[in-house]
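In: fold the following and give me the result.
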Amino acid sequence: MKILLLGMNGQVGWELQRALAPLGDLVALDVHSTQWPADFSRPAEVAATVRAIAPQVIVNAAAHTAVDKAESEPALAQTINADTPAAIAREAATLGACLVHYSTDYVFDGSGQRPWREDDTPAPLNVYGRTKLAGEEAIRASGCRHLILRTSWVYAARGGNFARTMLRLAASRDRLEVVDDQVGAPTGADLLADLTAHALRRVQAEPALAGTYHAAASGETSWHGYARHVVRVARGLGQSLRVSDEAIVPVSSSAFPAPAQRPLNSRLDTRRLCEQFDLRLPDWRSGVERMLHEVLT
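Out: The predicted structure is shown next:
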């Protein structure tokens with residue numbers, strides 16, 4: 001089986017290189033690839049790359065994920081998050097290939113308290129969410145066999161992340177203010193990659209399993225709860241931090257105005273994924289702790 005991975009050097013793409021390699025002949029590309037162009041700002045070129053490689057599986061881990069920046073460059077976000085995935089999906093339909101694509105809780109408006117289900121009505125609050133929803137809709141409309149995995153609060157040991165930012169600030173400040181009215185589940189890129197490989201094998205054997213699923217770690221927390229957990233674990237690993245637990249102060253989202261409005265409720269109901277693919281998703285704390293051990297020890 002030939003697998004084409006797009007966006008190989010992003011957080012999820014980097015982990016996918018490991019997770020997908022045992023499944024077949026993996027061709028991994030990113031925006032800097034030269035033999036086969038994979039710049040998502042050029043949909044026709046990416047479509048031509050798909051035709052030239054003719055894979056049985058396409059995994060798209062590329063996206064415009066700079067949420068605030070998308071507000072000032074909506075056309076580029078639309079091209080990267082919607083138009084190019086649409087072009088890939090059309091090629092996948094022609095080839096009879098399966099397309100794996102990642103989406104986000106930002107397709108919802110963040111209202112209420114219960115976790116969002118796959119059949120809830122989307123209502124994005126910002127450009128990023130609208131363009132990601134448009135990408136989903138284009139993939140479904142193409143008729144290709146697909147797995148769309150919506151996730152939330154993705155982090156990885158590689159590159160920058162919320163935990164690293166909190167640790168840097170905690171080492172230099174006596175007080176931290178962190179948002180506590182946005183709730184979700186921090187989800188590791190490594191977990192997403194492993195879920196992808198597992199689900200992909202099942203879908204190849206049972207095409208009826210294709211569709212849209214919510215994929216995130218279990219449990220929930222606020223950004224404030226996330227920050228306090230990171231600081232406690234890091235201190236337990238011997239990190240010297242100035243801020244005390246009590247000095248990590250909860251504040252509302254209004255304390256940090258941003259160009260893009262964020263959903264308050266980022267909870268995702270993952271029961272469908274677990275039931276269909278016989279999975280048990282780990283608590284968010286275990287993945288964060290593992291990541292901290294990796295970067296701090």
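
In: where along the stretch 51-200 of the chain do the strands fall?
Out: Taking DSSP state E, counting those that start in this stretch as the test, the strands found in the stretch 51-200 of the chain are 57-60, 98-104, 145-151, 154-155, 176-179, 183-184, 187-188.

In: for the fifth one, list the C-alpha coordinates in PDB.
Out: Written as PDB, here are the backbone C-alpha positions of strand 176-179 (Å, rounded to 0.1, in the frame of the first residue of the first chain):
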ATOM      1  CA  LEU A 176       0.500  34.100  36.100                       C
ATOM      2  CA  GLU A 177      -3.000  34.900  34.900                       C
ATOM      3  CA  VAL A 178      -4.500  32.000  32.800                       C
ATOM      4  CA  VAL A 179      -7.900  31.700  31.200                       C
END
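
In: so what touches that strand?
Out: 166, 169-170, 222-224, 226-227, 243, 247-253, 255-256 (C-beta atoms under 8 Å, 6 or more residues apart in numbering). Just so you know, the C-beta spots here come from the backbone N, C-alpha and C atoms, and that holds for glycine as well.

In: over to the fourth one?
Out: Among residues not part of strand 154-155, those counted as contacts by C-beta under 8 Å, 6+ apart are Gln11, Val12, Asn161, Phe162, Ala163, Pro186, Thr187, Gly188, Ala189, Leu192, Val288, Met291.

In: need the helices for the protein, in chain order.
Out: Shown for the chain, the helices assigned by DSSP state H span residues 11-20, 43-53, 67-72, 74-78, 84-95, 127-142, 162-172, 189-205, 223-236, 271-277, 284-296.

In: want to try a markdown table for the ones you listed, with mean pLDDT and distance to Ala156 as columns?
Out: Below are the helices of the chain laid out as a markdown table (pLDDT from 0 to 100; distance: least, C-beta to C-beta, whole Å):
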| stretch | mean pLDDT | distance to Ala156 |
| --- | --- | --- |
| helix 11-20 | 96 | 4 |
| helix 43-53 | 97 | 24 |
| helix 67-72 | 96 | 17 |
| helix 74-78 | 98 | 22 |
| helix 84-95 | 98 | 22 |
| helix 127-142 | 98 | 19 |
| helix 162-172 | 93 | 10 |
| helix 189-205 | 96 | 4 |
| helix 223-236 | 96 | 14 |
| helix 271-277 | 97 | 20 |
| helix 284-296 | 95 | 7 |
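
In: how about these, which one is nearest Asp181?
Out: Distance to Asp181, taken as C-beta to C-beta, is lowest for helix 223-236 among the helices of the chain, at 8.8 Å.

In: related to what we said a few turns ago, and which of the contacts of strand 154-155 is nearest to Val50?
Out: Among the contacts of strand 154-155, Val12 lies closest to Val50 (C-beta to C-beta), at 19.1 Å.

In: list the contacts for that closest one?
Out: Ala61, Tyr102, Val154, Ala156, Ala189, Leu192, Ala193.

In: swap the cut-off to 7 Å and go again
Out: Contacts here follow C-beta atoms under 7 Å, 6 or more residues apart in numbering; on that basis Val12 touches Ala61, Tyr102, Val154, Ala189, Leu192, Ala193.

In: before we move on, what about Ile88?
Out: Contacts of Ile88 by C-beta under 7 Å, 6+ apart are Val46, Ala47, Val50, Ile58, Asn60, Leu99.

In: the second one contacts Ala89, doesn't it?
Out: No. Contact status for Ala47 versus Ala89: not in contact, 9.7 Å apart, counting by C-beta atoms under 7 Å.

In: so these two - more neighbours on which side?
Out: It is Ala89, of Ala47 and Ala89, that has more neighbours when counted by other C-beta atoms under 10 Å, with 26 against 18.

In: separation between that one and Ala97?
Out: Plainly put, Ala89 is 10 Å away from Ala97 if you go by C-beta to C-beta, to the nearest Å.

In: just Leu5 next, same as before
Out: Leu5 is 13 Å from Ala97, by C-beta to C-beta.

In: re the thing from before, redo the strands of the stretch 51-200 of the chain as a markdown table? Include distance to Gly211 and mean pLDDT.
Out: A markdown table is the format used below for the strands of the stretch 51-200 of the chain (distance: least, C-beta to C-beta, whole Å; pLDDT from 0 to 100):
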| stretch | distance to Gly211 | mean pLDDT |
| --- | --- | --- |
| strand 57-60 | 16 | 98 |
| strand 98-104 | 12 | 98 |
| strand 145-151 | 7 | 98 |
| strand 154-155 | 21 | 94 |
| strand 176-179 | 33 | 96 |
| strand 183-184 | 22 | 98 |
| strand 187-188 | 20 | 96 |
